[in-house]
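Colleague: Make a model of this:
(chains A and B)
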Amino acid sequence: MSYNAPLFLFVFLPLSWGVTRLIPRRGQWLSLLLFSWVYYLSFSPRMLLVLVFTICCTYLSGLILERLFKRADRLARQTADRQDRKAVKARVKRQARLVLAAAIVIILGELILFKYLSFFTTNLNLLLSLVSAPKSLPLLKLGEPLGISFFTLQSLSYLIDVFRRKYPAERHWGRLALWLSFFPQIMEGPICRYDQTAASLFAGHSLKLADLTSGGQRIIWGLFKKVVIADRLNPLVTAVFDHPQQQAGLTVLVGAFCYTMQLYADFSGSIDIVIGSARLFGIALPENFNRPFFSRSASEFWRRWHISLGAWLRDYVFYTISFSHRMKQWDKKHRGDWLYFFPLAIALAAVWLCNGLWHGAGWQYIFFGLYYYVLILGGNLLEPVYRQIFTGLGWSRQSRGWQVFQIARTFLLVILGELIFRSPSLGQAFGLIARGFSRFSLTTLQDGSLLKLGLDKADWIVVALGLVLLFSVESIQEAGLNFSLRLSQLPRAGRWALYLGLIFVIVIAGAYGRNYGVVPLIYAGF
Amino acid sequence: MKRLIRHPIKHPTVLENPGLLPAVTLFSRPVQVMLKIGVFAGLLLALLLLLSWLLTPLQPGERWSVHPEQDFPIKAETPDSVDAVMLGDSLGYGDFVPALLWNQYGYTTYVCSQSAQPLEEAWAQLQATLEEQSPKLVMLETDQFYRSSTLASDISRALLFEAGQRLPIFRFHDQWKQLLGLKQTPALKALQQTQLKGYRFSKLTQGYNGTAYMNDSGTLKVQPVTAYYLNKIVSLCQERGINLLFISMPSPKNYSMKRHNGIALLAEHYSIPYLDLNLDAQQCGIDWAQDTRDKGDHLNYRGAQKATLAIGSYLSEHYQLPDRRGSDIAASWDETWAAYQQLCQDAENPDTGGDSSHIGVTEPAYLPASPELMAAQATTEN
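Modeller: As a prediction, this is how the structure comes out:
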């Protein structure tokens, strides 16, 4: 039951909304939790056990950490001597670190078991075959629980924050369970922090027209992106990436561009539906996109694309490494010399390895991470050089022309990255890149090849107009105009005409129904 | 006093003069919200009804008429001329050749199949078929019994189908392409398929490695939604006195013993005969190195010949289908046979490289003339 599926939009969401609204505010959390578990059950009843296990593990580990800290505080209060107090705190910190490490091992172990085991086993078997080992390891296919990449990261962030004493551990199991299972976000995120949404999820909300309007707007806009743009591009993307040997150079590049647009429209569209659905219940989820194609560098792109993943990796991987004791020492020792960048290089390497692996168990994903690692580290290292060049030439880095160039450059780099990302394997990724540039010919535009890839003339027109509308709206937002506010200031007739107009476009130009296959949400597969 | 502070009077002027009370304040706030939702939903429904009226393909010659044979191609056939229909997905239209059974036995069979056709679509195809035809046999290709893996996705698809039955815009929303002249009407491929009585010719060859695929165990039951529509199909066939036959076309990619057992259970439950060509694909002569177009998913024209002849042999043995050769409908079927033969010859001929673009595809007579269509030098994608 994807978020754009009729069953979700016209049955599950209205039913869960109606039932939750009928319940007094104090009990609404229970309704949301039960509907979240029913939603999860609709995918795989057995895998619900994995989610419940994660909730239990997170809840208990949090309580143990909290108890340790409270004991340390109590003992510290009872001890007059400062040295003793420090010793007590250090001892408890060690114990807490052990508890945290055990919890991380269990939760990450769960992720590895379900998501990466077959990848690691296949590669180990490959290594074993290289050394002519007589036996190979059996390949276990356990299946992947829905949203495991999302709820395990949420769980880890909660435990680390409790360990860092950012907030106390949750004593109410229901609040934690709902935060980890909330159905609109379980499949594709955003990866929320506990202090961002748990209270709002648990609180219960009265019926407000503003919530319904705002939620409805987001859902319609998300459906437009997903059904009109992303799903319509799917046949072309599948044709190009499933049959790379049959493609001309220009077709490969068009395929990479179309996949980039498909991925953006699919992921940001479903996040719009997610945020809109939560808003119907009065719950505000954090944004996960901020018009990424207006970014001027790769690092800015990742601050605007899948924001919650980037922020998670920044807070729990990058900062953990770069602010570690050893890295700080290194920083002091090498400040000013060329080795100064070492902590940054190590921390970024860890971030991009995790980013690549998070997206999937495959070498193409690891290479995708490496690609951005090189781009971002290179950008950091070359920054002083750029500055010198610009100063020397007397150019302004804030000029309009330079900004447009930076946006275009970032856009092309992102497309190249997505070409690697979408390829079925690393070998095919290299093959596609080589094909894209070696067999490039503009005759592909004239010989009708682009109309033989699953999109006819009408489909191209829909996609083009859809993208024009999408990026026009984003341009206006980028210029600082609050679209929702302007919309709310329109007379009701105007607003409703716009809503009905957009629904009309979705119904008429959407890629759904008997002539189209169902396209699963792309990020739900990660 | 506290109560008063918590709920300050919002409209003092209204309270002073009740005649000024706006109509909406007659209702509490949640009711106002629900009323607004209701009005918006009403407008939306009106819009959908209007679109349905505008874009539903009508009968030939009527305003907005847009080639209804694309939805139900069998409607292009002479009434009461088809004695057996095959309902299925791409394994139906790619693997079963009516022209062969015409030539071999004089049977008039027709394939009512679409890509990834689910059973509810088969149900719609059957209903449309029975409007003008009286087949004696309905063959159900069983790959469509396992269209999706979860109940939720099955229900979602069925919801969209049922919505399309009531608000046709959900079914015909793509018609604007043809209305605006942005798509050939109908596509050459669809025309060719109509000419070949629902069969889609393919000359591609991508061999399957030949690994045995019917050696697993267990039973894969069908989803309740599939069972629901199967029940409707069975009931309709019983009501009209039509024989039903389950057929599984040879396909290593789509079949397993688990699926066979699941289908066999259904067949037993409804007392419907079941012909599974996967159990001994070699018996009907399938050579997996040569006879599949996509590594064991579908058969190519060579494989389809073999599978169809095996089915023909089974039909001649178990059913009394009439030999219609020499009847007044024979001309159309002879044309089909000629077109099919031409395609096979082109596919075998290295000089043409299997190019079948010059196949004599003709527009069905009842369609309005569209000279630009016939002038199109489009090639088939097979």
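
Colleague: So for stretch B:261-278, mean pLDDT?
Modeller: In this model, stretch B:261-278 has a mean pLDDT of 94.

Colleague: what's near enough to touch the spatially most central residue of chain B?
Modeller: In chain B, the residue lying closest to the centroid (CA atoms, centre = their mean) is residue B:114, at 3.5 Å. For residue B:114, the contacting residues are A:514-515, B:89, B:93, B:121, B:125, by CB atoms under 8 Å, 6 or more residues apart in numbering or on different chains. Where you see a C-beta, it was placed from the backbone N, CA and C, and this is true even at glycine.

Colleague: So which of the residues you listed is the closest to residue A:110?
Modeller: residue B:89 (37.7 Å; CB to CB).

Colleague: how near is that closest one to residue B:108?
Modeller: 22 Å (CB to CB, to the nearest Å).

Colleague: between these two, which one's more packed in?
Modeller: Legend: neighbour count by other CB atoms under 10 Å in any protein chain shown for residue B:89 and residue B:108, higher for residue B:108 (30 against 24).

Colleague: Please look at that one and residue B:330 and confirm they touch.
Modeller: No: judged on CB atoms under 8 Å, residue B:108 makes no contact with residue B:330 at a distance of 9.3 Å.

Colleague: anything in contact with each of those two?
Modeller: By CB under 8 Å, 6+ apart, the residues touching both residue B:108 and residue B:330 are residue B:324.

Colleague: Least confident secondary structure element in chain A?
Modeller: helix A:443-446 (a mean of 72; mean pLDDT, DSSP states H and E).

Colleague: quick one: contacts of that helix?
Modeller: A:248-251, A:450.

Colleague: Whichever of those end up buried, select them in PyMOL.
Modeller: In PyMOL syntax, the buried subset of those is picked out as below (16 or more other CB atoms under 10 Å in any protein chain shown):
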select buried, chain A and resi 248+249+250+251+450
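
Colleague: ok, which pair from the contacts of helix A:443-446 is furthest apart?
Modeller: The widest separation within these (CB to CB) is 12.7 Å, between A:249 and A:450.

Colleague: Can you tell me which residues in chain A are near chain B?
Modeller: By the rule CB under 8 Å from any CB of the partner chain, the part of chain A lying against chain B is A:1-2, A:5-8, A:10-11, A:42-43, A:207-209, A:212, A:452, A:456-458, A:461, A:496, A:499-500, A:503-504, A:507-510, A:512-515, A:517-518.

Colleague: Show me the residues you listed that map onto helices.
Modeller: A:6, A:209, A:212, A:457-458, A:461, A:496, A:499-500, A:503-504, A:507-509 (DSSP state H).

Colleague: separation between the residue nearest to the centre of chain B and residue B:120?
Modeller: For residue B:114 relative to residue B:120 (CB to CB), the value is 12 Å.

Colleague: did I read that right, residue A:259 in a helix?
Modeller: Yes: the assignment for residue A:259 is a helix, going by DSSP: H, G, I helix; E, B strand; the rest coil.

Colleague: my guess is it meets residue A:420, correct?
Modeller: No: if you go by CB under 8 Å, residue A:259 and residue A:420 don't touch, sitting 10.8 Å apart.

Colleague: Who has more neighbours out of the two?
Modeller: Using other CB under 10 Å, the more surrounded residue of residue A:259 and residue A:420 is residue A:259, with 25 against 22.

Colleague: Next, the contact list for the residue nearest to the spatial centre of chain A, please.
Modeller: Nearest to the geometric centre of chain A sits residue A:306, at 4.1 Å (CA atoms, centre = their mean). Applying CB under 8 Å, 6+ apart to residue A:306 gives the contacts A:189, A:267, A:288-289.

Colleague: what comes up buried for stretch A:488-506?
Modeller: A:496, A:499-500, A:502-506.

Colleague: Turn these into TSV, including pLDDT and distance to residue A:424.
Modeller: Output for the buried residues of stretch A:488-506, formatted as TSV (pLDDT from 0 to 100; distance: CB to CB, whole Å):
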residue	pLDDT	distance to residue A:424
A:496	91	46
A:499	92	40
A:500	93	41
A:502	94	35
A:503	94	36
A:504	92	38
A:505	94	33
A:506	95	31
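
Colleague: Kindly indicate which of those residues lies nearest residue B:53.
Modeller: Nearest to residue B:53 among the buried residues of stretch A:488-506, counting by CB to CB, is residue A:504 at 14.1 Å.

Colleague: so the closest one sits right up against residue B:47, yeah?
Modeller: Yes: in this structure, residue A:504 is within contact of residue B:47 by CB under 8 Å, at 6.4 Å.

Colleague: neighbours around residue 92, how many?
Modeller: All of this is about chain A. So residue A:92, with other CB under 10 Å, has 19 neighbours.

Colleague: that's the other chain; I wanted chain B
Modeller: Neighbourhood size, residue B:92 [other CB under 10 Å]: 27.

Colleague: do the one 5 residues further on as well
Modeller: Counted with other CB under 10 Å, the burial measure for residue B:97 works out to 31 neighbours.

Colleague: Student question: in chain B, what's the helix or strand with minimum average pLDDT?
Modeller: Scanning chain B with mean pLDDT, DSSP H and E, the lowest is helix B:371-375, at a mean of 35.

Colleague: confidence score at residue 377?
Modeller: Picking chain A for this. Reported pLDDT at residue A:377 in the predicted model: 91.

Colleague: wrong chain, I was asking about chain B
Modeller: pLDDT, residue B:377: 32.

Colleague: now the one 3 residues further on
Modeller: In the prediction, the pLDDT value recorded for residue B:380 is 33.

Colleague: just residue B:192 next, same as before
Modeller: 68.

Colleague: Just give me the longest helix of chain B.
Modeller: Longest helix in chain B by number of residues (criterion: DSSP H): helix B:29-55.

Colleague: can you pull the buried residues of that one?
Modeller: B:33, B:36, B:40, B:44, B:47-48, B:51-52, B:55.

Colleague: which one of those sits closest to residue A:36?
Modeller: Looking across these and measuring by CB to CB, the closest to residue A:36 is residue B:33, at 24.4 Å.

Colleague: How much space separates the closest one from chain A?
Modeller: The gap separating residue B:33 from chain A is 5 Å, by CB to the nearest CB, to the nearest Å.

Colleague: Next up, the contacts around residue A:461.
Modeller: Residue A:461 is in contact with residue B:182, counting by CB under 8 Å, 6+ apart.

Colleague: Swap in 10 Å and give it another go.
Modeller: A:455, A:509, B:177, B:180, B:182 (CB atoms under 10 Å, 6 or more residues apart in numbering or on different chains).

Colleague: Got phi/psi on the nearest residue to residue A:7 once chain neighbours are set aside?
Modeller: In space, and not counting its chain neighbours, residue A:7 is closest to residue B:156: 4.0 Å by CB to CB, 6 or more residues apart in numbering or on different chains. Main-chain dihedrals, residue B:156, degrees, to the nearest 10: phi -60, psi -50.

Colleague: okay but residue B:156 is in contact with residue B:223, surely?
Modeller: No: using CB atoms under 10 Å, residue B:156 is not in contact with residue B:223; the gap is 11.7 Å.

Colleague: Give me the common contacts of the two.
Modeller: With CB under 10 Å, 6+ apart, residue B:156 and residue B:223 have common neighbours B:148, B:150.

Colleague: Neighbour count: those two, which is higher?
Modeller: residue B:156 (25 against 20).

Colleague: For residue A:47, see how far away that one is.
Modeller: 19 Å.

Colleague: Count the neighbours of the residue of the stretch 251-400 of chain A found nearest chain B for me.
Modeller: Residue of the stretch 251-400 of chain A nearest chain B, by CB to the nearest CB: residue A:280 (11.1 Å). A count of neighbours around residue A:280, defined by other CB under 10 Å, yields 24.

Colleague: Provide a list of residues in contact with it.
Modeller: By CB under 10 Å, 6+ apart, the neighbours of residue A:280 are A:13-14, A:16-17, A:20-21, A:184, A:205, A:207, A:211-216, A:218-219.

Colleague: Report pLDDT for residue A:365.
Modeller: Value listed for residue A:365 in the pLDDT field: 93.
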